[in-house]
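> Fold the following and give me the result.
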Amino acid sequence: MTAPVIVKVEKGSPAEGAGLKAETSCRNCQESVRDTSDLRTRIGLLWVGDVADLTVVRYGKPVVIRARISE
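Numbering: from 1, shown residues only. As a prediction, this is how the structure comes out:
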């Protein structure tokens, strides 16, 4: 199982505001994710205003980022 990698983060986007960065892998979104499709589905099932705790890997260490879902 390979963790999904964030390829691009748009300037001014909610993802950038939450602190997500390109070229980081995402291991967890509330629970472990299997692949990119699984991560996309988990985020897609959240409502605007919900909070998602994403565990990403930066410089070889896990970092938890709390992101509020917005439009």
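
> So what's the residue count around Ala15?
19 (other C-beta atoms under 10 Å). (C-beta placed from N, C-alpha, C; glycine too.)

> Name the nearest residue to it, ignoring sequence neighbours.
Leaving aside its chain neighbours, Ala15 sits nearest to Val9 (4.9 Å; criterion: C-beta to C-beta, 6 or more residues apart in numbering).

> Please name the bridge partners of the residue sitting nearest the centre point of the chain.
Central residue of the chain (C-alpha atoms, centre = their mean): Leu54, 4.9 Å from the mean position. Taking DSSP bridges as the rule, Leu54 bridges to Cys29, Ile65.

> need the longest helix for the chain.
When the chain is parsed with DSSP state H, its longest helix is helix 36-44.

> Put the alpha carbons of it into CSV.
The C-alpha trace of helix 36-44 is given here as CSV (Å, rounded to 0.1, in the frame of the first residue of the first chain):
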residue,chain,number,x,y,z
THR,A,36,-5.7,8.3,-3.8
SER,A,37,-9.2,7.2,-4.6
ASP,A,38,-9.9,6.3,-1.0
LEU,A,39,-8.6,9.7,0.2
ARG,A,40,-10.7,11.6,-2.4
THR,A,41,-13.8,9.6,-1.3
ARG,A,42,-13.2,10.3,2.4
ILE,A,43,-12.8,14.0,1.8
GLY,A,44,-15.7,14.1,-0.6
